[in-house]
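# take a look and give me a structure for this.
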Amino acid sequence: MAKLRSILMLLAILLGVLLPQAHILSPLMPFFIGLMMALTFVSKVPLQKHGYTFKIELRALLMGIFLCGCLLGMKKFFGLSLPIVLGGMLICLCPPANSAPVMTKMLGGNPILALKIFLVGSIFACFSIPLIFGYFCPSPVGMEHLDFMGLSKTIFNSIQPIITIPLAIALGLRSFYPEVADKIEKLQKYTMFIWIFNVFILLSKASYDVRAMGVQKLWEAGDFQKTALLSLSLCVLLFFLGWVCERKSHPIEGSQSMGQKNTMLVIWLAQLYAGPIAALCPTFYVVWQNLVLSWMSRGKRSPREVGSAQRT
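Here you go, the predicted model:
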């Protein structure tokens with residue numbers, strides 16, 4: 001499965017870059033993101049006993065806000081453009097990825113705790129991204145009449161259906177139709193294919209926007225280099241900080257919750273409200289994040305593979 005994922009991911013990246021015409025599918029993104037959310041939310045989640053979930057995700061949120069302040073300082077002292085800073089801020093505020101529980105289990109951590117962190121982080125993002133990102137984000141074309149609260153409300157109205165509706169459906173099924181929820185939970189293995197298709201659409205949209213702006217112009221302006229370096233720095237830093245903050249009790253869960261991001265969500269938001277340059281930063285983050293995860297999981301095997309090896 002890992003080899004298939006690597007092959008399909010590479011194929012999705014190449015096709016996304018080479019087929020910018022597929023950007024016409026970008027309006028489907030909210031539905032695919034919501035579907036991935038629902039398939040993850042429907043998992044069985046035991047009762048919280050020790051409050052680790054809230055503490056870990058609260059630390060991640062506070063660290064994200066602190067890093068947003070650092071990015072604003074870099075804008076002032078190093079002359080970073082606002083779109084690049086906004087792209088970095090979205091990475092810092094981004095909730096954990098749907099695949100964080102799976103990777104946590106593969107690395108020997110507690111997947112249930114990682115799932116709870118994913119749930120809490122997604123809910124936090126409904127409020128933190130609109131309030132913080134909306135304050136610094138310039139009003140997009142056609143929304144110039146909106147003030148800070150108006151833009152924040154607009155962003156909130158874009159995010160919360162993608163999170164709250166799947167969460168409500170999943171919790172409802174788990175509470176009233178547990179047998180149906182169990183059957184749906186078995187479909188979680190197919191989220192990989194939805195995620196890869198999302199990568200294809202997002203990169204097609206990014207490729208279309210970059211071509212429209214001019215590749216040579218972006219390179220000469222340094223936007224490519226700056227966004228690549230900033231996203232790489234944030235990726236390594238967030239994984240490291242997540243491990244350091246929770247090193248005494250839950251280093252694996254902390255590292256995954258702070259470093260592995262739901263990039264699909266924030267790339268879509270950046271393309272929607274901050275423009276294509278801001279979307280470059282989380283787009284590059286997809287590449288760096290997968291490289292870091294590949295390095296972390298080197299020599300590791302999924303629980304299913306381990307079980308098969310033991311039986312043989």
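
# what about the closest residue to residue 94 other than its chain neighbours, how many residues nearby?
Nearest non-adjacent residue to residue 94, counting by C-beta to C-beta, 6 or more residues apart in numbering: residue 261, 4.1 Å away. No exception for glycine: its C-beta is placed from N, CA and C like everyone else's. Using other C-beta atoms under 10 Å, residue 261 has 26 other residues around it.

# my read: residue 261 touches residue 97, true?
Yes: under the criterion of C-beta atoms under 8 Å, residue 261 makes contact with residue 97 at 5.7 Å.

# any idea how far the residue nearest to residue 94 lies from residue 88?
Separation of residue 261 from residue 88 (C-beta to C-beta, to the nearest Å): 12 Å.

# got it, and residue 79?
Following C-beta to C-beta, the distance that separates residue 79 from residue 88 is 14 Å.

# which of these two has more neighbours?
Per other C-beta under 10 Å, whichever of residue 79 and residue 88 has more neighbours is residue 88, with 28 against 8.

# what's the helix or strand for the more buried one?
Assigned by DSSP states H and E, residue 88 belongs to helix 82-93.

# counting contacts, what elements does that helix pack onto?
Applying 3 or more C-beta pairs under 8 Å, 6 or more residues apart in numbering; DSSP states H and E, one finds that helix 82-93 contacts helix 52-78, helix 134-136, helix 223-245, helix 263-269, helix 276-296.

# between helix 276-296 and that helix, find me the angle.
Helix 82-93 and helix 276-296 are oriented at 40 degrees to each other (axes from the mean of the first three to the mean of the last three C-alpha atoms, to 10 degrees).

# list of residues touching helix 82-93?
Residues from elsewhere that reach helix 82-93, judged by C-beta atoms under 8 Å, 6 or more residues apart in numbering: 61, 63-65, 67-68, 71-72, 74-75, 125, 128-129, 132-133, 136-138, 223, 226-227, 230-231, 234, 238, 261, 263, 266, 269-270, 274-275, 277-282, 285.

# now do stretch 183-201
1, 5, 8-9, 12-13, 15-16, 22-23, 25-26, 28-29, 32-33, 35-36, 39-40, 42-44, 98-99, 173, 264, 286.

# only C-alpha atoms, please: export that stretch in PDB.
Presented in PDB, the C-alpha positions along stretch 183-201 are these (Å, rounded to 0.1, in the frame of the first residue of the first chain):
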ATOM      1  CA  LYS A 183     -19.500  -0.300   7.800                       C
ATOM      2  CA  ILE A 184     -18.600   3.200   6.800                       C
ATOM      3  CA  GLU A 185     -15.500   3.100   9.000                       C
ATOM      4  CA  LYS A 186     -14.200   0.200   6.900                       C
ATOM      5  CA  LEU A 187     -14.100   2.600   3.900                       C
ATOM      6  CA  GLN A 188     -11.500   4.700   5.500                       C
ATOM      7  CA  LYS A 189      -8.800   2.900   3.500                       C
ATOM      8  CA  TYR A 190     -10.100   4.700   0.400                       C
ATOM      9  CA  THR A 191      -9.500   8.200   1.800                       C
ATOM     10  CA  MET A 192      -6.000   7.800   0.400                       C
ATOM     11  CA  PHE A 193      -7.400   7.800  -3.200                       C
ATOM     12  CA  ILE A 194      -9.700  10.800  -2.400                       C
ATOM     13  CA  TRP A 195      -6.700  12.700  -0.900                       C
ATOM     14  CA  ILE A 196      -4.500  11.900  -4.000                       C
ATOM     15  CA  PHE A 197      -7.300  13.100  -6.300                       C
ATOM     16  CA  ASN A 198      -7.500  16.300  -4.200                       C
ATOM     17  CA  VAL A 199      -3.800  16.800  -4.700                       C
ATOM     18  CA  PHE A 200      -4.200  16.500  -8.400                       C
ATOM     19  CA  ILE A 201      -7.000  19.100  -8.500                       C
END
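
# so which of the helices and strands packed on helix 82-93 is the most packed in?
Burial of the helices and strands packed on helix 82-93 is given as mean neighbour count (mean count of other C-beta atoms under 10 Å); helix 263-269 ranks first at a mean of 27.

# center of this protein, which residue is that?
For the chain, residue 262 is the residue whose C-alpha lies nearest the centre (C-alpha atoms, centre = their mean; 1.3 Å).

# that one and residue 68: what is the separation?
Residue 262 sits 17 Å away from residue 68, going by C-beta to C-beta.

# likewise for residue 215?
Counting by C-beta to C-beta - residue 215 and residue 68 are separated by 29 Å.

# now the helix or strand hosting residue 207: buried residues?
Residue 207 is part of helix 191-213, with elements assigned from DSSP H and E. The neighbour-count check on helix 191-213 (16 or more other C-beta atoms under 10 Å) flags 191-192, 194-196, 198-210 as buried.
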